[in-house]
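Enquirer: Provided below for reference: sequence and predicted model.
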Amino acid sequence: MADWVHIIIRALSALSILFVLTRILGKKQISQLTFFEYVIGITLGDLAGVISTDVESNFFHGVIAILVWCLVPFLLEILALKSKTLRVWFEGKGTVLIKDGKVLEENLKKERYTGDELLEQLRTKSVFRLADVEFAMLESSGDLSILLKSDVQPLTPKHLGMKMMTEKPNHTVIMDGEIQGEPLAAAGKGVGWLQSELDKLGVTKENVFFGQVDTNGELTVDLYDDKLKVPQPSERPALLATLKKSEADLELYSLSTEHPEAKKMYQDCSEKLTKVIQDLHTLLKS
């Protein structure tokens, strides 16, 4: 057998073995790596390269070495699940670099971190003022986690006292022009509803690259033909306008009647409708 054919066979075999073993080791091997996982990954890659190209070496000896390097971390991960000491030993632990708004210089030296590197890591988190940071920890993966001071944290609806509806995942009901039955059912919709929504937008499913049902049960689409303009959903703005018109009508009725009980009824209904509009304004306006 020619050497190049032999190398192809060995390389494909090594690739298949590594793929299977990586799936067994789990997703951590392709996420932010700890120091131990980093060493394992480099060694496995080097072993795979050697047994793929070194035709004079025993292929099965290389496979045994790969299995050992995969089996040991796999067993250690199982043991680390039950022992915090082992987790700290093999995965390391985070180091606090900023506490109560103060940089801990001793911890920086311990991690061999310079001031420039700290500022660089903060900038990657879109933080450009050191004084804005209340707490920062260097995780065992090498990533920097930060907590901003309360007065510079982004505003949320909770800070403003606004009630927001619970967001639910969007469901992709059309992909590559094909209706996706399972996501459509998960969204609580049927094919008939989907077709009627497409008719409202004036498009066919064959021209839809992506179609999603959002939290509000509305269909949004991305078309193959980018020159076509798809009308935006108008049900919620129309409902808001109807509620406001009803509120104005109730106010008008309360002013135009002379009957005390009727006037009070119209005023009470107007106040209740005003509260409903205030609660739903953010949702219906978007």
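Expert: Structure received. Because the structure is predicted, anything quoted here is derived from the model rather than measured.
Enquirer: Excluding sequence neighbours, find me the nearest residue to residue 266.
Expert: residue 254 (3.6 Å; C-beta to C-beta, 6 or more residues apart in numbering). Bear in mind the C-beta positions are built from the backbone N, C-alpha and C, glycine included.
Enquirer: Contacts only, for the nearest residue to residue 14 once chain neighbours are set aside.
Expert: If you skip the residues right next to it in sequence, residue 14 has residue 48 as its closest partner in space, 4.4 Å away by C-beta to C-beta, 6+ apart. If you count contacts by C-beta atoms under 8 Å, 6 or more residues apart in numbering, residue 48 has them with 14, 15, 17, 18, 66.
Enquirer: helix or strand right after the helix or strand where the last one lies?
Expert: Just to be clear, that refers to residue 66. With elements taken from DSSP states H and E, the one containing residue 66 is helix 59-80. Toward the C-terminus, helix 59-80 is succeeded by helix 84-91 as the next helix or strand (DSSP H and E).
Enquirer: next one: that next one to chain centre, how far?
Expert: On the basis of C-alpha atoms, centre = their mean, to the nearest Å, the separation between the geometric centre of helix 84-91 and that of its chain is 28 Å.
Enquirer: helices or strands up against that helix?
Expert: Packed against helix 84-91, as judged by 3 or more C-beta pairs under 8 Å, 6 or more residues apart in numbering; DSSP states H and E, are the following elements: helix 59-80.
Enquirer: Now do the helix it packs on: distance to the chain's middle.
Expert: If you compare the mean C-alpha spot of helix 59-80 with that of the full chain, they lie 32 Å apart, counting by C-alpha atoms, centre = their mean.
Enquirer: Next: stretch 39-50.
Expert: 31 Å.
Enquirer: what separates the residue nearest to residue 14 from residue 8, distance-wise?
Expert: 14 Å (C-beta to C-beta, to the nearest Å).
Enquirer: same thing with residue 242?
Expert: Following C-beta to C-beta, the distance that separates residue 242 from residue 8 is 69 Å.
Enquirer: Next: residue 45.
Expert: According to C-beta to C-beta, residue 45 stands 18 Å off from residue 8.
Enquirer: go on, residue 51?
Expert: The spacing between residue 51 and residue 8, counted by C-beta to C-beta, is 13 Å.
Enquirer: Neighbour count for those two, which is higher?
Expert: Neighbours per residue (other C-beta atoms under 10 Å) separate residue 51 from residue 8, with residue 51 holding more: 23 against 12.
Enquirer: in the helix or strand harbouring residue 185, what's buried?
Expert: Assigned by DSSP H and E, residue 185 belongs to helix 181-186. Taking 16 or more other C-beta atoms under 10 Å as the neighbour-count basis, helix 181-186 is seen to contain the buried residues 183, 184.
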